[in-house]
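1. sequence and predicted structure below; questions after.
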Amino acid sequence: MTIRVQQEDFDVGAELARLTAGNHAIGGVAVFVGLVRDMAGDSAISAMTLEHYPAMTEKMLTEIEQEARQRWPLETSLIIHRHGRLEPGEQIVMVATCSAHRQAAFEACEFLMDWLKTKAPFWKLEETEAGAQWVDARDSDDRAAARWVKKDPHAAE
Amino acid sequence: MKLLYFAWLKTKTGMAEEDVTPPAGVGTVAELLTWLEGRGPGFADALADRRAIRVAVNQSYAQPGDPVRPGDEVALFPPVTGG
């Protein structure tokens, strides 16, 4: 498993090639890539700056990834999250999960994104025409994360 | 004890980090927040809505009743918005 928090952009294709190289037990790879949008509600956004708490970010992402690996049979996984100033269209985050079969890869990828969004200490400051504004946390993200609290993928087995 | 402030908590308190020695009697997260609130208008404003504040002690999420000790790194921040 790999976790990277970085300012620079990443190449999704190259990352996936590196992640799966030499491991032929992997039959499915699920990937999520988050991009900066140019609108928030009714406001146009010219850029956003992602602030984070480096020591805790690393720790939380490691805990989240370990949780995913306990719940699903993953061969490997990757989380990349950028910080600093980003413009619309730029990549913010990438999560990739690799497993023998697609279901574990899909579910683990969704789980990692849902928990990352509510637990990893990042904050977005959006630049709009009205000035810079900190983004408010969304209840829908809390609900998405809460789905996984009770759900045990192995309960039915 | 080292305190860290992020996002709008940094803006409102006017600082990113500081070293503090809270008075005797400040032994929990909730007691620390109450003490901080009394340190000036910036802190009172920043800490007015406790539901909007998350606290991490030594890089792990903490609840109001959790202990804080000298030497701890305590971070105050709003709900996270990454991803």
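-> Here it is on my side, so go on. Residues are numbered from 1 along each chain as shown, chains lettered A, B, ... in the order given.
2. and the residue of chain B nearest chain A?
-> Going by Cβ to the nearest Cβ, chain A is nearest to B:Gly82 of chain B, at 2.6 Å. Every residue, glycine included, has its C-beta placed from N, CA and C.
3. looking at this, that residue is in a strand?
-> No: counting by DSSP: H, G, I helix; E, B strand; the rest coil, B:Gly82 is not part of a strand but coil.
4. can you give me the neighbour number for A:His81?
-> 23 (other Cβ atoms under 10 Å in any protein chain shown).
5. oh, that last question was meant for A:Leu125, not what I typed.
-> A:Leu125: 18 neighbours (other Cβ under 10 Å).
6. sorry, back to before: what's across from the nearest residue to the residue of chain B closest to chain A once chain neighbours are set aside in the sheet?
-> Leaving aside its chain neighbours, B:Gly82 sits nearest to A:Phe122 (2.6 Å; criterion: Cβ to Cβ, 6 or more residues apart in numbering or on different chains). For A:Phe122, the beta-bridge partners under DSSP bridges are A:His52.
7. surely A:Phe122 meets A:Thr49?
-> No: using Cβ atoms under 8 Å as the test, A:Phe122 is too far from A:Thr49 to be in contact (10.6 Å).
8. so which of these two has more stuff around it?
-> Between A:Phe122 and A:Thr49, counted using other Cβ under 10 Å, A:Phe122 has the larger neighbour count: 26 against 14.
9. gap between the residue nearest to B:Gly82 and A:Gln91?
-> 14 Å (Cβ to Cβ, to the nearest Å).
10. got the residues of chain A near chain B?
-> For chain A, the residues in contact with chain B (Cβ under 8 Å from any Cβ of the partner chain) are A:34, A:50-53, A:55-56, A:59-60, A:81, A:92-93, A:113, A:116-125, A:134-138, A:141.
11. which residues touch the residue of chain A found nearest chain B?
-> At 2.6 Å from chain B, A:Phe122 is the closest residue in chain A, using Cβ to the nearest Cβ. Shown in contact with A:Phe122 (Cβ atoms under 8 Å, 6 or more residues apart in numbering or on different chains): A:Leu50, A:Glu51, A:His52, A:Thr57, A:His81, A:His83, B:Val80, B:Thr81, B:Gly82, B:Gly83.
12. can you check A:Lys119 too?
-> Here A:Lys119 is in contact with A:Met60, A:Ile64, A:Ala145, B:Tyr61, B:Val80 (Cβ under 8 Å, 6+ apart).
13. per-residue pLDDT, it?
-> pLDDT, A:Lys119: 96.
14. give me phi/psi at it?
-> phi -120, psi -30 (degrees, to the nearest 10).
15. near residue 25, how many other residues are there?
-> Picking chain A for this. A:Ala25: 10 surrounding residues under other Cβ under 10 Å.
16. right idea, wrong chain: chain B
-> Neighbours of B:Gly25 (other Cβ under 10 Å): 7.
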